[in-house]
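> sequence isn't available, so here's the structure alone:
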């Protein structure tokens, strides 16, 4: 954000909103894919009860972990990209 400690502009608030939406949607998609890949075989095929239970529980553990990691990585990358590398400099060649 360009206004350090001050109020954010509408463009900055819009950028944050879009980034949060992207983080949530991409994290939900990634978590659903991982859950489907891990627990899918247990739900589609007739596996032994122990294996089925293990796969579903593994999917239920991995999906939220991936969701949280994806949201954090997207939002931290957005925050880091917003910081100027050389504060006070206005052009890349100065």
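Arrived safely. Since the structure is predicted, the reported quantities are computational estimates derived from the model, not experimental observations.
> shaky segments in the protein?
1-5, 82-94 (pLDDT under 70).
> please enumerate the strands of it.
Read by DSSP state E, the chain holds no strands at all.
> please tell me how far residue 40 sits from residue 33.
As judged by Cβ to Cβ, to the nearest Å, residue 40 and residue 33 stand 10 Å apart. From N, CA and C alone the C-beta is placed, and that goes for glycine too.
> so residue 30 touches residue 66, yeah?
Yes. Counting by Cβ atoms under 8 Å, residue 30 does reach residue 66; the two are 5.6 Å apart.
> quick one on the thing from earlier: anything in contact with each of residue 40 and residue 33?
When contacts are counted by Cβ atoms under 8 Å, 6 or more residues apart in numbering, the set common to residue 40 and residue 33 is empty.
> now the phi/psi pair for residue 48, please.
The phi and psi values for residue 48, taken as degrees, to the nearest 10, are phi -60, psi 150.
> run a quick neighbour tally on it.
Residues lying near residue 48 (other Cβ atoms under 10 Å) number 9.
> cheers, nothing more for now.
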